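A.B. asks: give me the fold of what follows.
(chains A, B, C and D)
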2 protein chains.
Amino acid sequence: MPTTRRPTSRDVAQAAGVSQSTVSLVLGGKWPGRVSPATAGAVRRAAERLGYRPNLAARNLRLGTTRTVLLVVPTLSNPFFGDVYTGAAEVAARHGFRVVVYPWPDGAWPGDPWSPGHAGPFASPREAIDGVLATALAADVLEEFSDTPAVMLDNDPAGAAPTVDFAVADGMRALVAHLGGLGHRRFGHVAAAVDQWTFRERGGALAAAVDALPGGALVRTTAAIDAGAAKEAAGRLLDLPDRPTVLVCDDDLMAAGAYKAARARGLDIPGDLSVTGFDDDVLATALEPELTTVRLPARRLGAEGMAALLELLDGRRPGPRSLPGELVVRASTAPPPRR
Amino acid sequence: MPTTRRPTSRDVAQAAGVSQSTVSLVLGGKWPGRVSPATAGAVRRAAERLGYRPNLAARNLRLGTTRTVLLVVPTLSNPFFGDVYTGAAEVAARHGFRVVVYPWPDGAWPGDPWSPGHAGPFASPREAIDGVLATALAADVLEEFSDTPAVMLDNDPAGAAPTVDFAVADGMRALVAHLGGLGHRRFGHVAAAVDQWTFRERGGALAAAVDALPGGALVRTTAAIDAGAAKEAAGRLLDLPDRPTVLVCDDDLMAAGAYKAARARGLDIPGDLSVTGFDDDVLATALEPELTTVRLPARRLGAEGMAALLELLDGRRPGPRSLPGELVVRASTAPPPRR
DNA sequence: CTGAAAGCGCTTACAG
DNA sequence: CTGAAAGCGCTTACAG
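C.D. replies: The predicted structure follows:
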């Protein structure tokens, strides 16, 4: 009477008075037409009674698949990537896959696992995996996984791997249209000092859209994705002789920094200065005034990315997908001050 | 010539001109004294050349362990739990374990995977696992995993399972000492409407510490862990005839709500009202003024929790551990206004 | 409709 | 020092 051992399909078979292969057929859902309903029922009851859970290692070994996908993110300290994970893991779970997170350090994000004060780097993922889902990476990183089917998230669609992207350029254009409509002409860009497609794309779209605005002018500064660094960078723009009437920030957290720079100079938001973010994370509604931003559906990015990867693993070739970002107008934008 | 197949230890053996068991010995690090250094070197070179990665499924099947641990969290949209994961996964990786996240919905956190608008719940973790690391749970949830070794994180140390906790009561006492030293006597508690040990503990410690303060008085209100709900709840306290001079909030995000309630009433922080949080997440320094709070080392919680679970799986019985929270004094607290 | 058997890729006694 | 062999728990032809 095995009390300590985890029950196997063999135990279930014995309890149900059938063969192990019958158990496998029934629990695998392949029994109709091959096993009598009565037997199937008995098997299921026995499995339930014993609290049987299939050993995935055995299943995967037999099937020759690991059913494991690696999700490469810069950090999980940012809720954006937590949401990406959640979306990916949901879709994966429905297909019997699991998602292992590999925090790839790129130094650009707060909470980076290789940052100082950190206990030590993750071990490199030396296990065999079926595929890779990689977010927001420098291009060279992908080489590390070059022998594996991969889908890039929020990365250059011109690359070799299939991509699922946000339409960040559209989002930026919608933002400029909103701001232009309010009367803004002098734009400041508080850009993320991160060499990634998504940020290059935002910068390019912003520049083009402001250019297309009659009388539009743009000044630009860069900072790490961090409130303190963004505050300092935004301050440089605000100290300009002909300072911008709106600060467009590459990230909600950077917008929080811009708020602080404005307050330090006695500028009211949005009366004296409009500020916008990007992402729409919890921060956006935690700030005062609430932040006008572009919502990037992070969870959907993870979900669609996993769906694309599953297609790829299935031998199909997923086309590039683009997820719309939604302009969310809140209280941090208003017409520029009269002068 | 297998080009598409993943190389196995058998392929490495063939390439190195040795047997498969020798490869296993060498790559498993058990060769010294059993395999000649020259052979070991040849094996390693062959493995490297072929890009060999061990099949974990086969290894785990053979070893009779899944080397998988389930981390149960309410959400990953909160960076706190992202950090817990990171800490747990680091320690796990060093011991050849992997961590599968199971977002257990309890409805108390923003971004809850079962909240409306969500695509659907995760599949129940039906796979066999070695152990469970469970954070911030209602006690009844643990039953779901009752047949599995488990460590509770930030949960009641009086329970049956080993625990790793924050010394939240100490943290709260340090906070009250700081505030009492500034001269505060009328305290408002913006409490999380969540029935969990950690919040009961905070509430109890706050009440006791204020009680011990000569002339100390405490009013209390509850809200969901959400800026909007906290704003409303804080507002109720601020509209009291004899309103508190400080709002002690159970979470940084709730403190952001308190900021908004104060601003809506024209109250300056910290001139007219002091506000404190709990956690010290990114939000704390993104707010203006920066938030006085109690830092809870989330990553360490995950790391120590995993270490305890590993001990448990090793047959030892880990004692309860408690991680100190650190009072971080920033700009949101000051002496109460003179009246 | 049901069962006996092979085999996925490892680790580890065991034999030489 | 090295190799042949057993067996972990599954899935799936294959035979009855």
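A.B. asks: quick check: which element contains the residue nearest to residue A:16 when sequence neighbours are not counted?
C.D. replies: Excluding the flanking residues, the one nearest residue A:16 by C-beta to C-beta, 6 or more residues apart in numbering or on different chains is residue A:46, at 3.9 Å. C-betas here are computed from N, CA, C, even on glycine. Element membership of residue A:46, judged by DSSP states H and E, is helix A:37-50.
A.B. asks: does that helix come close to DNA strand D?
C.D. replies: No - applying C-beta under 7 Å from any atom of the strand, one finds helix A:37-50 separated from DNA strand D by no less than 9.7 Å.
A.B. asks: for the strand or helix carrying residue A:275, packing partners?
C.D. replies: According to DSSP H and E, residue A:275 maps onto strand A:274-276. If you count contacts as 3 or more C-beta pairs under 8 Å, 6 or more residues apart in numbering or on different chains; DSSP states H and E, strand A:274-276 packs onto helix A:168-182, strand A:246-249, helix A:252-264.
A.B. asks: contacts for the first one, please.
C.D. replies: It stands for helix A:168-182. Contacts of helix A:168-182 from elsewhere in the structure, counted by C-beta atoms under 8 Å, 6 or more residues apart in numbering or on different chains, are A:154, A:187, A:198, A:201-202, A:204-206, A:209-210, A:213, A:216, A:246, A:248, A:274, A:276, A:278, A:292, A:294, A:296, A:324-327, A:329, A:333-336.
A.B. asks: tell me where the stretch 201-339 of chain A has helices.
C.D. replies: For the stretch 201-339 of chain A, the helices defined by DSSP state H, counting those that start in this stretch cover A:227-238, A:252-264, A:282-286, A:298-313.
A.B. asks: for the ones you listed, which one ends up most surrounded?
C.D. replies: helix A:252-264 (a mean of 26; mean count of other C-beta atoms under 10 Å in any protein chain shown).
A.B. asks: interface residues of chain A facing DNA strand D?
C.D. replies: So far as C-beta under 7 Å from any atom of the strand goes, chain A lies against DNA strand D at A:5-6, A:8-10, A:20-21, A:24-25, A:27-28, A:30, A:52, A:54-55, A:58-59, A:61-63.
A.B. asks: and with 6 Å instead?
C.D. replies: Proximity of chain A to DNA strand D, by C-beta under 6 Å from any atom of the strand, involves residues A:8-9, A:20-21, A:24-25, A:28, A:30, A:54-55, A:58-59, A:61-63.
A.B. asks: ok, those vs residue A:39, which is closest?
C.D. replies: Distance to residue A:39, by C-beta to C-beta, is smallest for residue A:25 among the residues of chain A next to DNA strand D, at 9.6 Å.
A.B. asks: count the neighbours of the closest one for me.
C.D. replies: Per other C-beta atoms under 10 Å in any protein chain shown, the neighbour tally for residue A:25 reads 19.
A.B. asks: dump the helices and strands packed on strand A:274-276 into TSV; add mean pLDDT as well.
C.D. replies: Formatted as TSV, the helices and strands packed on strand A:274-276 follow (pLDDT from 0 to 100):
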stretch	mean pLDDT
helix A:168-182	97
strand A:246-249	98
helix A:252-264	97
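A.B. asks: DNA strand C is nearest to which of these?
C.D. replies: DNA strand C lies closest to helix A:168-182 among the helices and strands packed on strand A:274-276, at 41.3 Å (C-beta to the nearest atom of the strand).
A.B. asks: run the chain-centre distance for that closest one.
C.D. replies: Computed by C-alpha atoms, centre = their mean, to the nearest Å, the chain-centroid distance of helix A:168-182 equals 22 Å.
A.B. asks: what about the stretch 51-200 of chain A, any weak spots by pLDDT?
C.D. replies: Scanning the stretch 51-200 of chain A for pLDDT under 70 picks out A:104-128, A:137-147.
A.B. asks: what do you get for the stretch 201-339 of chain A?
C.D. replies: In the stretch 201-339 of chain A, residues with pLDDT under 70: A:339.
A.B. asks: get me the contact residues on it for chain B.
C.D. replies: Residues of the stretch 201-339 of chain A that fall close to chain B, judged by C-beta under 8 Å from any C-beta of the partner chain: A:227-228, A:253, A:256-257, A:259-260, A:263, A:282-283, A:285-288, A:303.
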